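Asker: Prediction below, plus the sequence it came from.
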Amino acid sequence: MARCPNADPIYALADKFREQCLKAGYSLLWPNSPIWTVDSLSLIFNAFMDNLDSSDRPFLAKWKDQMAHVPKDVHKISVDINAFYYLFPSRISSGTKLGVIRELVSWKLGDEEPDYNMLKEAFRYGIGHTGPFYNTAKPWMLAFYLAFFKKVRAGEADPDDPVACKMLADKTLKEIPVNVISARHILLYLLFPDSFERIASQEHKNKIAASFKPNIGRANDIDEALLNVRGFLSEKLGRPNMDFYDPDIQSRWDSEESYKSYVPDSEGMETKESEASSENTHTDIQKALLQFGVELGLDVWVAKNDLGRITSPLSGHLRKELPMQLSGNAKSVIEHIDVLWLKGECIVAAFEVEHTTSVYSGLLRMSDLISIMPYLNIQLYIVSPENRRGTVCREMNRPAFKELGLPGKCRFISYSKLISELEAIGSKAKYLDWKIIEHISESCEPN
């Protein structure tokens, strides 16, 4: 596997974390404190899960309240795990990372400040881009790490065994209410950088496997598939330390033509176009969006001309009227948008599903809405098959739409991403904020 240049302090600290915390049970930053026990990890985990906070307050404000009654020594785990959380991200400054750790220490451990030198070195660079959801869903990422580490300390996996840890990580994923698969990928890479790729994005892993389908061999999972592709490319290019983000390699999988997903089935691995299923019709996606809105505790609206296609039990949750404050012109546009989510009398999100119709028609409806009500604070989304992403973004960046600021106000959601996220979330949607939809979407703004 490719190790990052200048990242030796990160790998050294990750190794120290495994040796001290996971194997010996001592704190990373307070190496004389044997507080990494199953009971202590349970206290931290339960302090979070028993005091879920879905408000818009900053992470540190919420975390401080959640950790308020955790004993001083046990709080050291809270600091250790935040330090681990910050080892991978390359787009968070070292000053920001260290500032968070110092603040966590100040809450209860001001008289026992640790040596920050090893963190300063490790925080200087980073390994890769995590995607915005890693930051916005930080509490859930930490919950995943805590649950996994607790299981390791309980003897459910040898922290030196990459296969056992991979199986345990996949088991732990199912226990977290939010899809935190990026944390799974980051965890395994930090613990085993010579066995896993430095890729936090499941979508990127899928694209690589799909683009190099003939070279994945008889892989049992996505990690084995990428390992086989790495073997092929390393030999072909004569570069044993090749990286999937090397420009000449990334250009082969990160292109419009490669927007097919590699999806493992329950029996093994299977490469297929995740959008090909005939069930993914316009109405099916509308229903999925409506159902998701209901499960998130919102009111929902379906386009007037599609009302007859939505049958019970969903029909009982549909709004019959739009908010009264909408003007005539705005109302005539909004009532024909495919799906709306409402919180009280406020429309919070609007979705246009583009299955076989022209992408242009949905964008026109969104641009009309912006033109009529330029100060309306609604999140806009185009939902379409993955293989139309390039078309959607290209059309959205036409001069007429760009002048209205549409690329900055309207985002893209692929059918496959929507369905896979809904399956991962399942019945746990009631614990989530409706803004989770933003993290399922992608920006269409030019890089």
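Answerer: Nice, I can see it.

Asker: Please work out which residues outside the helix or strand harbouring Thr172 touch it.
Answerer: Here Thr172 sits within helix 162-173, counting by DSSP states H and E. With contacts defined as C-beta atoms under 8 Å, 6 or more residues apart in numbering, helix 162-173 is touched by 144, 147-148, 151-152, 156-159, 179-181, 184, 187-188, 191-192, 195-196, 223. Glycine gets a C-beta too; all of them are placed from N, C-alpha and C.

Asker: Narrow the residues you listed to those that are buried.
Answerer: With burial judged by 16 or more other C-beta atoms under 10 Å, the buried subset of these is 144, 147-148, 151-152, 157, 159, 179-181, 184, 187-188, 191-192, 196, 223.

Asker: quick one: which of those residues sit in helices?
Answerer: Residues of those located in helices (DSSP state H): Phe144, Ala147, Phe148, Lys151, Val152, Ile181, Arg184, Leu187, Leu188, Leu191, Asp223.

Asker: ok, the fifth one - contacts?
Answerer: Spelled out, it's Val152. Leu22, Pro159, Cys165, Leu168.

Asker: can you tell me the helix or strand for the residue lying closest to Leu314 once chain neighbours are set aside?
Answerer: Leaving aside its sequence neighbours, Leu314 sits nearest to Leu290 (C-beta to C-beta, 6 or more residues apart in numbering; 5.4 Å). Using DSSP H and E, Leu290 maps to helix 282-295.

Asker: list the helices and strands whatever helix or strand comes next after that helix packs on?
Answerer: Sequence order places strand 299-302 as the next helix or strand after helix 282-295, per DSSP H and E. With contacts defined as 3 or more C-beta pairs under 8 Å, 6 or more residues apart in numbering; DSSP states H and E, strand 299-302 has these neighbours: helix 282-295, strand 339-343.

Asker: outside of the last one, which residues touch it?
Answerer: It stands for strand 339-343. 286, 289-290, 293, 296, 298-303, 319, 322-323, 334, 347-351, 353, 434, 437.

Asker: now the angle from the helix or strand just after it to helix 282-295?
Answerer: Going down the chain from strand 339-343, the next helix or strand is strand 346-353, by DSSP H and E. Relative orientation of strand 346-353 versus helix 282-295 (axes from the mean of the first three to the mean of the last three C-alpha atoms, to 10 degrees): 160 degrees.

Asker: Need the phi and psi values for the closest residue to Ile92 other than its chain neighbours.
Answerer: Closest residue to Ile92 apart from its sequence neighbours, by C-beta to C-beta, 6+ apart: Tyr86 at 6.7 Å. Phi and psi for Tyr86, reported as degrees, to the nearest 10, are phi -90, psi 0.

Asker: My guess is Tyr86 contacts Gly99. True?
Answerer: No. Counting by C-beta atoms under 8 Å, Tyr86 sits too far from Gly99 to count as a contact (10.5 Å).

Asker: Who has more neighbours out of these two?
Answerer: Set side by side, Tyr86 and Gly99 show more neighbours around Tyr86, with 19 against 12, by other C-beta atoms under 10 Å.

Asker: Give the other helices and strands that the helix or strand bottoming out on mean pLDDT in the chain contacts.
Answerer: Ranked by mean pLDDT, DSSP states H and E, the weakest helix or strand in the chain is helix 328-334, scoring a mean of 74. Applying 3+ C-beta pairs under 8 Å, 6+ apart, one finds that helix 328-334 makes contact with helix 359-372.

Asker: Skip ahead from the helix or strand where Phe412 lies and say which helix or strand is next.
Answerer: Taking DSSP H and E as the criterion, Phe412 maps to strand 410-414. Proceeding N to C from strand 410-414, the next assigned helix or strand is helix 415-425, under DSSP H and E.

Asker: Tell me, how many residues neighbour His69?
Answerer: His69 has 9 nearby residues by other C-beta under 10 Å.

Asker: Report the secondary structure state of Asp15.
Answerer: Counting by DSSP: H, G, I helix; E, B strand; the rest coil, the backbone at Asp15 sits in helix.

Asker: Would you mark the buried spots in the helix holding Leu290?
Answerer: Buried residues in helix 282-295 (16+ other C-beta under 10 Å): 282, 284-295.

Asker: just stretch 237-254 next, same as before
Answerer: Within stretch 237-254, the residues that count as buried by 16+ other C-beta under 10 Å are Met242, Asp243, Phe244, Ile249, Trp253, Asp254.

Asker: Local confidence estimate at Asp160?
Answerer: With respect to pLDDT, Asp160 scores 94.

Asker: tell me the contacts of it?
Answerer: So Asp160 contacts Arg18, Lys23 (C-beta under 8 Å, 6+ apart).

Asker: For it, give its distance to Leu22.
Answerer: Remark: distance between Asp160 and Leu22 (C-beta to C-beta, to the nearest Å) = 9 Å.

Asker: And Asn135, by the same measure?
Answerer: Using C-beta to C-beta, one gets 25 Å for the distance from Asn135 to Leu22.

Asker: which of those two has more neighbours?
Answerer: Leu22 (19 against 15).

Asker: Leaving out the residues flanking it, which one is nearest to the residue nearest the centre of the chain?
Answerer: Nearest to the geometric centre of the chain sits Phe133, at 4.2 Å (C-alpha atoms, centre = their mean). Leaving out its chain neighbours, the residue that sits closest to Phe133 by C-beta to C-beta, 6+ apart is His439, at 4.0 Å.
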